[in-house]
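>>> This is a predicted model, with the sequence first.
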Amino acid sequence: MIPVEHILLLSAVLFTIGVLGVMLRRNVIVIFMSIELMLNAVNLSFVTFSRGMDSMTGVIFIFFIIVVAAAEAVVGLSIILSIFRTRKTLNIDEFNFLKW
Amino acid sequence: MLNAEFVAVIQVLVYAGAIMVLFLFVLMLLSSKTSDQNTNKWPIGKILAGLLSFGIFVKIASLFSMGDLQLGPKGAYPLEVVEEVGSISLIGRLLFTDYILSFEIIAILLLVAVIGAVVIAKRRFH
């Protein structure tokens, strides 16, 4: 039996790795993966708290979070694909369509 | 351990089966050349980012590991109930009774995401 604190600490570590990835990396695909990592860190703490509180709501919430993450991945990757067609790069500093 | 078999299976199915394949497809379509990853215009930003994320980690970890974690009242599904009924059965029952509206809305969201992805990926800029 792993203590609850360790699982929550793992969740915090995963979330921090995700934050670091978003802030340090400039490749848009890696940033995208870091966002997914953060979502999954939150999922991990959701399932831990759900068990700790004898509730099923956290698991239901994870179901919705995974669906939203999948939708976000689909739309985001198609946006990346569409931007890459014009800019020919994956560096996020080059994605400045909204700036004029 | 956490009695969340459904979450484990869904996680592997969705992430290894769907999202990773999607990432691989996009990586295959992109065929990126060597990216100029090392041209950092603002090196102090990395230090700031490291400090900020360390602060976030310390904050979350201190929230989680203080020992005085206030969890509130217990829910209606203790371990015995979950093991007797089965977590997948419980989740299915909840999804189609208490959370039916959210379930339908999330289905519409998924449909909109699929249509939107096709439209965005198809469009050509001229």
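Structure's in. What do you need? Residues are numbered from 1 along each chain as shown, chains lettered A, B, ... in the order given.
>>> State the helix or strand in which residue 80 lies.
Since you didn't name a chain, this refers to chain A. Using DSSP states H and E, A:Ile80 sits within helix A:57-87.
>>> Please refer instead to chain B.
Element membership of B:Glu80 [criterion: DSSP H and E] is helix B:79-85.
>>> Give me the distance from that helix to the chain's centre.
26 Å (C-alpha atoms, centre = their mean, to the nearest Å).
>>> How about residues contacting it?
Applying C-beta atoms under 8 Å, 6 or more residues apart in numbering or on different chains, the contact partners of helix B:79-85 are A:Arg51, A:Asp54, A:Met56, B:Asn3, B:Leu90. Quick note: C-beta positions are derived from backbone N, CA and C, even for glycine.
>>> Just name the lowest-scoring one in those residues, pLDDT-wise.
Among the contacts of helix B:79-85, B:Asn3 carries the weakest pLDDT, at 78.
>>> these two touch, right, it and B:Gly86?
No. Counting by C-beta atoms under 8 Å, B:Asn3 does not reach B:Gly86; the two are 9.6 Å apart.
>>> Which one's more surrounded, these two?
B:Asn3 (17 against 14; other C-beta atoms under 10 Å in any protein chain shown).
>>> Name the SS class of the more buried one, please.
Classification of B:Asn3 by DSSP: H, G, I helix; E, B strand; the rest coil places it in coil.
>>> buried set for the helix holding B:Glu80?
By 16 or more other C-beta atoms under 10 Å in any protein chain shown, the buried positions in helix B:79-85 come out as B:Val82.
>>> Could you tell me the average pLDDT over that helix, please?
Mean predicted confidence for helix B:79-85 is 81.
>>> Find the nearest non-adjacent residue to A:Ala12, please.
In this structure, A:Ala12 finds its nearest non-sequential neighbour in B:Ile60, 4.1 Å apart by C-beta to C-beta, 6 or more residues apart in numbering or on different chains.
>>> In chain A, what residue comes closest to chain B?
Going by C-beta to the nearest C-beta, chain B is nearest to A:Ser55 of chain A, at 3.0 Å.
>>> Against B:Leu90, how distant is the nearest residue to that residue once chain neighbours are set aside?
Leaving aside its sequence neighbours, A:Ser55 sits nearest to B:Gly75 (C-beta to C-beta, 6+ apart; 3.0 Å). Distance from B:Gly75 to B:Leu90, counting by C-beta to C-beta, to the nearest Å: 11 Å.
>>> Which positions within the helix or strand harbouring A:Ile7 qualify as buried?
Here A:Ile7 sits within helix A:4-24, counting by DSSP H and E. Using 16+ other C-beta under 10 Å as the test for burial, helix A:4-24 gives A:4, A:7-12, A:14-24.
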